[in-house]
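Student: got a predicted structure here, sequence first:
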Amino acid sequence: MASDTLTITDNRTGKQYEVPVTDDTIRATDLRQIKVAADDFGMMTYDPAFMNTAACRSAITFIDGDKGILRYRGYPIEQIADQASFLEVAYLLSAGELPTRAELDVWEHDIRFHTYVHTNIIKFLEGFRYDAHPMGMLLGAVGALSTFYPDAKDVHDPRNRYVQKVRLMAKLPTIASFCFRHSRGLPYEFPRNDLDYIGNFVNMTFSIGGKHEPNPVLQRALEILLILHADHEQNCSTSAVRAVGSSGVDPFSAVSAGIAALYGPLHGGANEAVLRMLDEIGTKDRIPAFIEAVKNGGDRLMGFGHRVYKSYDPRAKLIKQVAYDVFEQTGLNPKLEIALELERIALEDEYFIGRKLYPNVDFYSGLIYQAMGYPTDYFTVLFALGRLPGWLAQWEEMITDKEQKIARPRQIYTGKDERDFVPLVMRK
């Protein structure tokens, strides 16, 4: 018997089946051979929320949740966040290797060339109410881009895919800044191609009368936050991009699906929930009572714990240092003192240690965004800006994977058996 197989005994029939094991996984379709009767559909797996199902092979991001490891294309996130620019990371995720100086120059030039959006997009955005949520505006505008670039439907042409990736990387910051200014009744600030990627976005967001004094510390802090969010394996929004993209639709539509998934409070809204929690705590002296309420089930400790990480989220360690750098520039936020004390107490409490509840990436990011001048309803837009390179890399990997087909999960039917239709006059 081969050692790289799994032997399954079906106790219903007494039959045995030998299933190949590759990379510590079995193929779900190999279970189809397990039947009670010849006309059975065959065995399926049932896995709500895909807790233990691999839907793809990917060479982009590696996570070891037990050890607190996150790597982009093999590079530790600690090194990437410390030494790389955001566009370097975007190139790395897409191409698989860090760019040379010449390759990075071409990449930056191509993106800079596409930063403007069609004036009809501006008219489209002006149709939203003054109080429209910026994520809803971003979702609609990115989806609308598919109508401006019908050539984007040719997803199997490598050159065409490159052009669409450049367009999305270039235009998303422009649209995101327009969403910010729309909600404040400010005129749109157009791209300045003499600025770098992050500087241009910040200028489009905060410039008043064409003037904005850049703060290099805050801009680098924002860049690090975007890098830390650039990809995170098969999360909800990335899975949405892959699933919608598997239909062969253009990348603008696929990315808009990712934005829609990120819009949900269980995915993109966690850092906003942390701020609400810190506001409810109010002062450091109320932390012990809050901790007891959490342990008794009366409250939730937001920003702690993660579906993947069962030790300290490596991104949270980096963000904590970024928070110190930012508050040296902006002045100390009282919420930071509460957050630091809350973290200290929780990490010394056996209740949280035993449950492997450690700070995650959202615990400090909201504090940083708020200190930079971004309102809470805009946090998820910044998340989308950071996640875009990962979405694009994952989308292209899916498109070029010969094993991938249009996403179509199975179901376990729990409804009625066949029954005769009852005419309306006879229904009680």
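Tutor: Cool, got the structure.
Student: show me where the stretch 201-350 of the chain has helices.
Tutor: Secondary structure of the stretch 201-350 of the chain (DSSP state H, counting those that start in this stretch): helices at 216-228, 236-245, 251-263, 270-281, 287-295, 314-330, 334-347, 350-354.
Student: so, low pLDDT: which residues of the chain?
Tutor: For the chain, the stretches flagged by pLDDT under 70 are 1-2.
Student: and the strands in it?
Tutor: 5-10, 15-20, 61-64, 69-72, 75-76 (DSSP state E).
Student: residue 386: which of the helices of the stretch 201-350 of the chain is closest?
Tutor: Comparing the helices of the stretch 201-350 of the chain against residue 386 with C-beta to C-beta, the closest turns out to be helix 216-228 (3.7 Å). Backbone N, C-alpha and C define where each C-beta goes, glycine included.
Student: report the angle between that closest one and helix 314-330.
Tutor: 160 degrees (axes from the mean of the first three to the mean of the last three C-alpha atoms, to 10 degrees).
Student: buried ones in helix 216-228?
Tutor: 218-219, 221-228 (16 or more other C-beta atoms under 10 Å).
Student: next one: stretch 152-159
Tutor: 152-153, 155.
Student: next one: stretch 82-98
Tutor: Neighbour-count burial for stretch 82-98, counted by 16+ other C-beta under 10 Å, picks out 84-94, 98.
Student: what's the spacing between residue 258 and residue 19?
Tutor: According to C-beta to C-beta, to the nearest Å, residue 258 and residue 19 sit 34 Å apart.
Student: for the helices of the stretch 201-350 of the chain, which one ends up most surrounded?
Tutor: Most buried of the helices of the stretch 201-350 of the chain, by mean neighbour count (mean count of other C-beta atoms under 10 Å): helix 251-263, with a mean of 24.
Student: elements contacting that one?
Tutor: For helix 251-263, the elements it packs on are helix 134-148, helix 158-182, helix 236-245, helix 379-399, judged by 3 or more C-beta pairs under 8 Å, 6 or more residues apart in numbering; DSSP states H and E.
Student: at 6 Å instead, please
Tutor: The contact analysis (3 or more C-beta pairs under 6 Å, 6 or more residues apart in numbering; DSSP states H and E) places helix 251-263 against helix 134-148, helix 236-245, helix 379-399.
Student: buried deepest among those helices, which one?
Tutor: helix 379-399 (a mean of 25).
Student: distance between that helix and the chain's centre?
Tutor: 7 Å (C-alpha atoms, centre = their mean, to the nearest Å).
Student: ok, stretch 285-296 next?
Tutor: Chain-centre distance of stretch 285-296: 31 Å, with C-alpha atoms, centre = their mean.
Student: got it, and stretch 401-412?
Tutor: Worked out by C-alpha atoms, centre = their mean, stretch 401-412 lies 21 Å from the chain centre.
Student: just the terminal-to-terminal distance for that stretch.
Tutor: 28 Å (C-alpha to C-alpha, to the nearest Å).
Student: contacts for that stretch next, please.
Tutor: With contacts defined as C-beta atoms under 6 Å, 6 or more residues apart in numbering, stretch 401-412 is touched by 44, 46, 243, 246-247, 398.
Student: buried set for that stretch?
Tutor: Within stretch 401-412, the residues that count as buried by 16+ other C-beta under 10 Å are residue 404.
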